[in-house]
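*Asks:* Sequence first, then the predicted structure, then my questions.
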Amino acid sequence: MQTLTQQLANPTRFMDLSARVLPWVAGIAAALIVYGLYLSFFDSPADYQQGETVRIMYIHVPCAWLSMMVYGLIAVSSFGLLVFRHPLADVSAKAAAPIGAAFTFLALLTGSLWGKPMWGTYWVWDARLTSVLILFFLYLGLIALRAAFEDESAGAKLTAVLALVGVTILPIIKFSVNWWNTLHQPSTDFTATVDPSMRWPLLVMALGFTLLFFAMHLKAMRNEVLRRRVKAMRTQAVAGRDRLATQPAE
Amino acid sequence: MDLGPHAAFIWISYAAVAVVVTGLIGWLLLDGRKQAAALEALEKRGIRRRSSASAE
Amino acid sequence: MNSFWALVRRDLRLAVREGGAIGTALGFFLIVVSLMPLGLGPDLNLLARIAAGILWIALLLAALLSLNRIFEADYEDGTLDVLATGHLPLELVATAKSLAHWLTTGIPLALLAPVLGILLNLDLASYPILVGTTFVGTPAVSFLGAIGAALTVKARRGGLLLALVVLPLYVPTLIFGISAVSAAAGPAGMGAAFLILAAISLAAVVLGPIAAAAALRIQLQ
Amino acid sequence: MNSFWALVRRDLRLAVREGGAIGTALGFFLIVVSLMPLGLGPDLNLLARIAAGILWIALLLAALLSLNRIFEADYEDGTLDVLATGHLPLELVATAKSLAHWLTTGIPLALLAPVLGILLNLDLASYPILVGTTFVGTPAVSFLGAIGAALTVKARRGGLLLALVVLPLYVPTLIFGISAVSAAAGPAGMGAAFLILAAISLAAVVLGPIAAAAALRIQLQ
Amino acid sequence: MQLIAEDLIVERGGRLVIDGLSFAVSAGEAMVLAGANGAGKTTLLRTLAGYIRPSAGSVRCEGGDVELTVAEQAHVIGHANAVKSSLTVFENAAFWSEFLGSANETGGHIESALRNFGLDDLAEFPAAYLSAGQRRRLGLARLLLAKRPLWLLDEPTVSLDVASTERLVSAVNEHTRAGGLAIVATHLPLALERARTLELVSLRMAA
Amino acid sequence: MQLIAEDLIVERGGRLVIDGLSFAVSAGEAMVLAGANGAGKTTLLRTLAGYIRPSAGSVRCEGGDVELTVAEQAHVIGHANAVKSSLTVFENAAFWSEFLGSANETGGHIESALRNFGLDDLAEFPAAYLSAGQRRRLGLARLLLAKRPLWLLDEPTVSLDVASTERLVSAVNEHTRAGGLAIVATHLPLALERARTLELVSLRMAA
Ligand code: HEM
Ligand SMILES: Nc1ncnc2c1ncn2[C@@H]1O[C@H](COP(=O)(O)OP(=O)(O)OP(=O)(O)O)[C@@H](O)[C@H]1O
Ligand SMILES: Nc1ncnc2c1ncn2[C@@H]1O[C@H](COP(=O)(O)OP(=O)(O)OP(=O)(O)O)[C@@H](O)[C@H]1O
Ligand SMILES: [Mg+2]
Ligand SMILES: [Mg+2]
């Protein structure tokens, strides 16, 4: 009797399972996002302070949350690769990195676009903004490091080491940036105080984006498993075809 | 719908998210199709995976 | 000329293959530009004032770090020996390799610079001028850099030594690059500084490969 | 421990022999610091205000450029293979090499920093604090840098990639290094920031070699 | 002492290079690894040294110092020489002696190791001045600088002239005579005593 | 065509390595450079190729294309292979063919050069995956990628297995039979036809 993780870690079984789950995840994500878009544009009030621009919140905040959650997922996968040597853990880490980078980029972009009307500038060197920017750099580092190796399995493990180093340094960065910054922006911390009329659309959008991420992640993992199969078959196909080595010289 | 004086920022934000997300989805679908096609081509040439091949 | 373009094409291909050199240069540029405010403090007015300077310095550093790829790998794996037996004079070999460096590093950096201007609160009116000066100035960066790269090809610890050799050569480019941007804001316009920058680049394109080839000949011994 | 010190001694000797690595790092530091006023304009008040930041950033860049010497040469000439067969655990090998890097780069840079402060019109009262923070902060620079150096030892385009990987790790050091200097000017004194900086350095000295050794083991395959 | 490899399976770049290899080498024996280019000699040696983790199977030492790993009991000579160009020949040797050796070495063994490989005249030269074969000999001198029971040599005769090749062969013979083990990958016929040959074959795809 | 060296004197690192050497090699001939490690074989080959300037004496070609230097008429195979790890085997070969060759090559010569050195089936692999000997063979394939009358080979058989060594020897023999010149530094006895041997002797330092 295999445990659930063991079953999931078997690539063939993963392919079967993910093929069945993927349409559902994608479908629910799409439905939630459509509903969330409706809510955020037609069924939520303008903020008394921020006016209509508060509608940027409904995409900004999910992207920002995802940027952090995805890094967490990469860190867990990296740990799985280094400690348990699950090949699927690496597939997961590799597939998640570009998607996480994209959401981080979107959090930065939508944040800046919100910042112009709110703060009068696209960018301030505020603590939270700076630490998200550095998170983005960590993503870039992960992608660049992996790309720099011809030997994929070495690249995978090295990237995993970097991801784990990054996860220990992230809280320090967040904390240190808080410390360093003297120019705190007010009103960026009101989770608890968000008006219920805005909280509901925000929750719907956040859930929708999270599911969207999982759908994309599953698809990316499936692609990666296929890519590895193709590569393994190609190398096997030409393996040992060094004529001089396998046949006596004519 | 009136989004006030800063409508452009809102629209650009939503558009950017839409572009990036559809871009990602498009890339994933295309990539998936490419890998599947490559796999099929190899199988057509009679090349089999080693039995119980690992993901690597 | 066949060999010339074959070499340029190969270098472009290597740049794309080997760890996405282009992306890495851009990433480094991005990081250095964002470290500056961490060091200098988040005052946006101050940043706007020195934005052009920061961008140029960070651009030079990013280019600098990628210079060693012009000749070093080719020296180490014996390629340079063979290139020297080709029908292409070593001057043109150096030109081809500097050109490839410009295409894969200079141009992407020049394109990214204005985007990073946003982070530094750069004055909107300066954008087109920034684009212009970086485009005109980056050839000097690659072709002067090639001299340093050729001089230090055999020295271990290339990186630092290379930087030490090349940075003084970059001073004129830096000064006129920055003053072209800031002059444009003023009444006189950027005319003179911009022209001088262009002249520096042209001179570098002509003289850089000659000096680099001379240095390479010595290294081959 | 015999082997440990043998390795440290050898690395020190190599640093002295090979192209005067120490001098080169100092030269680079000097040039970057003197380029800054060129880029930022010669306003002395402005310079004094941001002097600590400039010094720290230039110091980080100079150290960064010398990081690749920690492991790269040893990997390429096969020394790393042999070091891995020694009785010294790879973690201590990484410690020895990071320590040698700190001695040959961190300390000279820390000693030079206050001298360069003069060029930037640094406030006189800040000198002792600057010396203190750079001394306490540079171990973090070497030991965190060793992680990046170990990760990129086999990668083509080492230099840039190394910078991309390491710079984010340097952010806390940079921030606390600078805030220790500027806090000292204020009424509260530099206490807390300085202590945190020391804590970061300590953590780096312990954790850096562990991560670096893990990376090296992977590279040896 | 005995070096035992059991059911080794090794992959490189997703491709099977060694498939189920078992052998044992005992004290006093030498084993020659033969096989065409790409057959997997280097891969096997690096697996024995512990650099590469086999996908399956194991490598272990029996009867040696139980506290030490295989790598710590072995001298590994690879394709590269682990020679620092800016140190002199003597300094190179002295460093390896200090790093690899135990504390109780007798003095003078560095000179004798260099003499054995004909490098004593060059001792004060920077290694940058050495020719390809002289460099290889300096790499080989490591074998005599610290006592280790297991020698793993990957094409040790590359660039060596005839006289130096003979020196190397007699060093290996002395080592095995004194109860050491040696595994030598080579394309040349070497006059090794007490040696058997393991012929590696390039694996074809199981179609 | 004839390659003529007259009264060559070459120094390395302030030390005399070659002292007054003269010889001539004519079309159809091979010359083997023999001599112990450090005798100066590499130095001599690099001087002939024009990388090192002799302190006195001269190297010239007679009867070849007068517009070309010696280097431009020569293939030089050194200790390094000039192979790029991140390009495939075919791309490596194609680049050298395009860079070194004249425009009017017949198509298909890249494949045939690779086939000659048994690399045709590895053509699509990144060169990073090659073993030491396969890499060397890719370096040697350059000889067949562009037609040049003079071959300067420095220990070309390093890392080659027996079959590959035979291929190389027959390539050199074909080259000289077709009127080419070859100068080969080696420590192994190779079955070269129409070959004479030049034995270099190590010079002791003039005290
Ligand atoms: C580029 C600029 C910005 C970045 C990188 C950024 C980043 C983030 C991050 C990481 C979060 C999640 C924080 C958490 O849950 O702990 C967040 C949440 C939030 N941000 Fe932004 N933000 C930016 C600009 C803005 C602007 C301009 C505003 C509005 C004035 C804003 C308003 C909010 C709000 C209301 C939340 C949700 C409340 C909360 O969780 O605390 N952000 N942002
Ligand atoms: N770069 C250099 N600087 C100073 N001396 C050198 C240099 N290269 C070689 N030498 C010296 O010149 C002499 C000849 O070296 P060379 O490399 O030509 O020998 P070789 O015959 O090729 O030997 P091998 O068979 O070992 O390759 C040697 O004594 C060597 O120490
Ligand atoms: N880093 C690598 N990644 C992928 N494949 C590799 C790698 N190194 C070697 N190989 C492949 O593994 C096989 C065995 O290589 P190995 O270097 O062990 O051969 P070898 O027997 O030492 O050959 P040689 O006599 O040429 O040195 C070769 O087919 C080679 O292409
Ligand atoms: Mg081998
Ligand atoms: Mg030689």
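*Replies:* In hand now; what should we look at? Numbers count the residues shown, from 1 in each chain, chains lettered A, B, ... in the order given. Ligands and ions are numbered 1, 2, ... in the order given.
*Asks:* List the residues that contact residue C:77.
*Replies:* By CB atoms under 8 Å, 6 or more residues apart in numbering or on different chains, the contact set of residue C:77 is F:80-84. (C-beta placed from N, C-alpha, C; glycine too.)
*Asks:* Which one of these is nearest to chain B?
*Replies:* Checking the contacts of residue C:77 against chain B with CB to the nearest CB, the nearest one is residue F:84 at 25.2 Å.
*Asks:* Quick check: which element contains the closest one?
*Replies:* If you go by DSSP states H and E, residue F:84 is not part of any helix or strand.
*Asks:* okay, now it: neighbour count?
*Replies:* By the criterion of other CB atoms under 10 Å in any protein chain shown, residue F:84 has 24 neighbours.
*Asks:* Please apply the same query to residue C:37.
*Replies:* 22.
*Asks:* Quick check: pLDDT value at it.
*Replies:* pLDDT for residue C:37: 83.
*Asks:* any bit of stretch A:90-106 sitting next to chain C?
*Replies:* No. Stretch A:90-106 is not in contact with chain C by CB under 8 Å from any CB of the partner chain; minimum separation 11.0 Å.
*Asks:* avg pLDDT for that stretch?
*Replies:* In the prediction, stretch A:90-106 has an average pLDDT of 95.
*Asks:* same question, stretch A:215-233
*Replies:* Across stretch A:215-233, the average pLDDT comes to 91.
*Asks:* Next: stretch A:116-125.
*Replies:* 81.
*Asks:* For that stretch, buried residues please.
*Replies:* A:117-119, A:123-125 (16 or more other CB atoms under 10 Å in any protein chain shown).
*Asks:* Let me have those in CSV, extended by secondary structure and distance to residue E:145.
*Replies:* Converted to CSV, these look like this (DSSP: H, G, I helix; E, B strand; the rest coil; distance: CB to CB, whole Å):
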residue, secondary structure, distance to residue E:145
A:117, helix, 72
A:118, helix, 70
A:119, helix, 67
A:123, coil, 60
A:124, coil, 61
A:125, coil, 56
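*Asks:* before we move on, the earlier item: any idea which of the contacts of residue C:77 is the one closest to residue F:203?
*Replies:* Residue F:203 lies nearest to residue F:80 out of those, by CB to CB, at 25.8 Å.
*Asks:* wait, is residue E:198 part of a strand?
*Replies:* Yes. Applying DSSP: H, G, I helix; E, B strand; the rest coil, one finds residue E:198 inside a strand.
*Asks:* my guess is it contacts residue E:31, does it?
*Replies:* Yes. The pair formed by residue E:198 and residue E:31 meets the contact definition of CB atoms under 8 Å, at 5.8 Å.
*Asks:* Now do the shared contacts for the two.
*Replies:* Joint contacts of residue E:198 and residue E:31 (CB under 8 Å, 6+ apart) are residue E:23.
*Asks:* So which of the two has more stuff around it?
*Replies:* Set residue E:198 next to residue E:31 and count neighbours by other CB under 10 Å: residue E:31 wins out with 20 against 16.
*Asks:* what's the pLDDT at the more buried one?
*Replies:* Reported pLDDT for residue E:31: 94.
*Asks:* ok, which stretches of chain A are helices?
*Replies:* A:4-9, A:11-42, A:57-79, A:87-119, A:127-147, A:152-180, A:196-238, A:243-246 (DSSP state H).
*Asks:* Now render the ones you listed as JSON lines, adding distance to chain B.
*Replies:* Shown next, in JSON lines, are the helices of chain A (distance: least, CB to the nearest CB, whole Å):
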{"stretch": "helix A:4-9", "distance to chain B": "9"}
{"stretch": "helix A:11-42", "distance to chain B": "4"}
{"stretch": "helix A:57-79", "distance to chain B": "5"}
{"stretch": "helix A:87-119", "distance to chain B": "4"}
{"stretch": "helix A:127-147", "distance to chain B": "14"}
{"stretch": "helix A:152-180", "distance to chain B": "7"}
{"stretch": "helix A:196-238", "distance to chain B": "4"}
{"stretch": "helix A:243-246", "distance to chain B": "18"}
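*Asks:* Out of the ones you listed, which gets the lowest mean score?
*Replies:* Lowest mean pLDDT of those: helix A:243-246, a mean of 44.
*Asks:* Does at least one residue of the host helix or strand of residue C:202 sit close to chain F?
*Replies:* If you go by DSSP H and E, residue C:202 is part of helix C:191-220. Yes. If you take CB under 8 Å from any CB as the test, helix C:191-220 does meet chain F, through residue C:220.
*Asks:* Tell me how far that helix lies from the chain's centre.
*Replies:* On the basis of CA atoms, centre = their mean, to the nearest Å, helix C:191-220 sits 12 Å off its chain's mean C-alpha point.
*Asks:* So what's the model's average confidence on that helix?
*Replies:* 90.
*Asks:* So which elements touch it?
*Replies:* Helix C:191-220 sits against helix C:79-83, helix C:90-101, helix C:127-151, helix C:158-185, with contacts defined as 3 or more CB pairs under 8 Å, 6 or more residues apart in numbering or on different chains; DSSP states H and E.
*Asks:* Is the shortest one in proximity to ligand 2?
*Replies:* No. Helix C:79-83 is not in contact with ligand 2 by CB under 6 Å from any ligand atom; minimum separation 14.0 Å.
*Asks:* any idea of the pLDDT on the most centrally placed residue in chain C?
*Replies:* The centre of chain C sits closest to residue C:141, judged by CA atoms, centre = their mean, with a distance of 3.4 Å. Looking at residue C:141, its pLDDT is 92.
*Asks:* try residue E:196
*Replies:* Value for residue E:196, per-residue pLDDT: 91.
*Asks:* Not counting residues beside it along the chain, what's closest to it?
*Replies:* Distances taken as CB to CB, 6 or more residues apart in numbering or on different chains put residue E:31 closest to residue E:196, at 5.9 Å, once the chain neighbours are dropped.
*Asks:* now residue C:62
*Replies:* Nearest non-adjacent residue to residue C:62, counting by CB to CB, 6+ apart: residue C:29, 4.2 Å away.
*Asks:* how many other residues sit next to that neighbour?
*Replies:* Residues contacting residue C:29 under the criterion other CB under 10 Å number 26.
*Asks:* same check, this time on residue E:190
*Replies:* Neighbourhood size, residue E:190 [other CB under 10 Å]: 18.
*Asks:* gap between it and residue C:140?
*Replies:* 58 Å (CB to CB, to the nearest Å).
*Asks:* same check, this time on residue C:57
*Replies:* Residue C:57 sits 15 Å away from residue C:140, going by CB to CB.
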